[in-house]
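Novice: how would this look folded up:
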Amino acid sequence: MPKPKLILYSQELPNCTCFERIFNTVIANEAAETVEDFLRHLQTTEAAAAVVCCCSAQEESVEELLRLEALAGPLPVLTCSRRLNPQFIQKAAQRGVDRFLQCDMPEAKIRGLIYEAIQGGGLKAFLETCCPGSLSTPYMRRMIEEIVHAFPHRLAEPEMAKRLGISQRWLQKTCRQAFGKTYKRLLRRIWIHQALRLMQKTTLDNVEIAQQLNYSEESSLAREFHKELGYSPNEARKRLTAQSPDELLL
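Specialist: Now for the predicted structure:
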């Protein structure tokens, strides 16, 4: 699998065992040693994800995260640390962190979490952009959280209705009110958006993207592109040189 490019923030990079084992070997990265540098990289660098290194922090300390602006946005953010305790996870999640890496995790686990974050990166922001008022609409906040948490597994309509404690008919009504689409059409649009992000952020080919997003085969991905956009994944790649995934879905 091709290397993703990460933006790495660390004030004490030599103390980051994840850097020595993963970030500096099998993962491409740009390191930033100051908050200002890190935030600038977030805005200007074409990267697949960002990592905030907290390896040198004490177990009870989250000062590195508290010094940063809120990180929620289209770029997935991970942290790496020596320990993971509830306080750290809670504070980090409030700052917009998507996944948590622990220094003594097996390398395969760390790589898996990185790719998992990249696959789901920007999904919550995309859904909230589709419907700016969705967070104030009954059940929509929970529906968005369920979709993001389960991704790339698709929650079928009966399962989503069950999780929300409502009928399928009510799910369809609220989904149309919030997004102007059926639940099935919304899911298709989400998966196309994430496929476009992977085309833009990684060097994965169409077969690999189909696999990452749990399509049974590449042709299934192509069919959904034609239904939603009216053209093929290869044509989408050409258009991504001049337009963003969000613009292609307007």
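
Novice: The protein: strands as residue ranges?
Specialist: Under the criterion DSSP state E, the chain contains strands at 5-9, 28-32, 49-53, 77-81, 99-102.

Novice: tally of neighbours for L42?
Specialist: Number of residues near L42 (other CB atoms under 10 Å) recorded here: 20. From N, CA and C alone the C-beta is placed, and that goes for glycine too.

Novice: can you pull the pLDDT of it?
Specialist: L42 is assigned a predicted lDDT (pLDDT) of 75.

Novice: same check, this time on the one 5 residues further on
Specialist: A47 carries a pLDDT score of 78 in this model.

Novice: pLDDT of stretch 120-129, averaged?
Specialist: 77.

Novice: what's the closest of the strands of the chain to V148?
Specialist: For the strands of the chain, proximity to V148 was assessed by CB to CB; strand 99-102 is nearest, at 12.1 Å.

Novice: Just list what the closest one packs against, helices and strands only.
Specialist: Here strand 99-102 touches strand 77-81, helix 107-120, going by 3 or more CB pairs under 8 Å, 6 or more residues apart in numbering; DSSP states H and E.

Novice: Mind listing what's buried along the last one?
Specialist: In this case it means helix 107-120. Buried residues in helix 107-120, defined by neighbour count with 16 or more other CB atoms under 10 Å: I110, R111, L113, I114, Y115, E116, A117, I118, Q119, G120.

Novice: Show me the domain layout of this protein.
Specialist: 5-120, 124-248 (automatic domain parsing).

Novice: End to end on the last one, go ahead and measure it.
Specialist: In terms of CA to CA, to the nearest Å, the two terminal residues of domain 124-248 are separated by 18 Å.

Novice: Run the chain-centre distance for it.
Specialist: 12 Å (CA atoms, centre = their mean, to the nearest Å).

Novice: what's the answer for the first one, then?
Specialist: If you compare the mean C-alpha spot of domain 5-120 with that of the full chain, they lie 14 Å apart, counting by CA atoms, centre = their mean.

Novice: which residues of the chain fall in helices?
Specialist: Applying DSSP state H to the chain gives helices spanning 17-18, 35-44, 63-66, 86-94, 107-120, 123-130, 140-150, 157-164, 168-179, 183-201, 206-212, 218-228, 233-239, 245-248.
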